[in-house]
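S.K.: here is my input, please return the structure:
(one chain, ligands or ions: 1)
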Amino acid sequence: MVRRDRRFLVRVRPKGGPMPGVWEFPGGKLEADETPEEAVVRECLEETGLRVRVVRYWNTLRYIYPHGPVELSYYLCEPIEPDAQPTPESGFVWRDVADLPNLTFPPANGPVISQLVEVFGHME
Ligand SMILES: Nc1nc2c([nH]c(=O)n2[C@@H]2O[C@H](COP(=O)(O)OP(=O)(O)OP(=O)(O)O)[C@@H](O)[C@H]2O)c(=O)[nH]1
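M.R.: Predicted coordinates:
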């Protein structure tokens with residue numbers, strides 16, 4: 001989850017993979033010989049073009065999708081350059097935290113979306 005002030009980077013999942021058309025945070029699978037934090041930084045750069053730092057570990061949950069079981073670990077991140085923008089072709093856009101509950105995310109994201117609204121929804 002890449003946050004700048006009240007906003008988070010999200011995009012619509014592309015056609016051709018699991019759960020097309022639903023919104024997602026940047027992310028992906030852990031590779032051999034990397035820590036979760038390294039994977040987070042690598043995936044964010046690959047997917048959004050932004051260099052991020054991990055602010056803190058958020059939580060981990062398991063979910064069984066029709067396409068298989070997943071164990072998802074969430075990390076709160078921020079862009080290193082304060083004004084940098086995601087590459088346009090990435091499809092990632094900034095959305096206010098209050099808008100996130102109105103977007104359809106994968107079901108495993110539900111608890112995290114609620115927590116983000118609780119924690120950041122009152123910010124100016
Ligand atoms: N990136 C991302 N993945 C998520 C989110 N929520 C969620 O349940 N997932 C699940 O996390 C798993 C890993 O996602 P991924 O991006 O590496 O892989 P993918 O499913 O798009 O396709 P792939 O297996 O062909 O690489 C998928 O099962 C995906 O559905 C989210 O907000 N962001």
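
S.K.: how far away is the residue nearest to Arg51 when sequence neighbours are not counted from the ligand?
M.R.: Spatial nearest neighbour of Arg51, chain neighbours left out: Ile80 (4.5 Å); criterion: C-beta to C-beta, 6 or more residues apart in numbering. All C-beta atoms are positioned from the backbone trio N, CA, C, and that covers glycine. Separation of Ile80 from the ligand (C-beta to the nearest ligand atom, to the nearest Å) stands at 20 Å.

S.K.: what's the answer for Pro82, then?
M.R.: 24 Å.

S.K.: once you drop chain neighbours, what's closest to the one residue sitting closest to the centre of the chain?
M.R.: By C-alpha atoms, centre = their mean, the mean C-alpha position of the chain lies nearest to Phe25, the distance being 2.4 Å. Leaving aside its chain neighbours, Phe25 sits nearest to Met1 (5.2 Å; criterion: C-beta to C-beta, 6+ apart).

S.K.: before we move on, what about Tyr63?
M.R.: Of all residues not flanking Tyr63 in the chain, Ala108 sits nearest, at 3.7 Å (C-beta to C-beta, 6+ apart).

S.K.: look up phi and psi at the one you found.
M.R.: Dihedral pair for Ala108: phi -70, psi -20, per degrees, to the nearest 10.

S.K.: what count of nearby residues applies to the closest residue to Leu30 other than its chain neighbours?
M.R.: Spatial nearest neighbour of Leu30, chain neighbours left out: Ala39 (4.8 Å); criterion: C-beta to C-beta, 6+ apart. Ala39 is flanked by 17 other residues according to other C-beta atoms under 10 Å.

S.K.: once you drop chain neighbours, what's closest to the residue of the chain found nearest the ligand?
M.R.: Residue nearest to the ligand within the chain (C-beta to the nearest ligand atom): Gly27, separated by 3.0 Å. Excluding the flanking residues, the one nearest Gly27 by C-beta to C-beta, 6+ apart is Glu43, at 5.6 Å.

S.K.: am I right that Val112 is in contact with Tyr63?
M.R.: No: in this structure, Val112 is not within contact of Tyr63 by C-beta atoms under 8 Å, at 11.4 Å.
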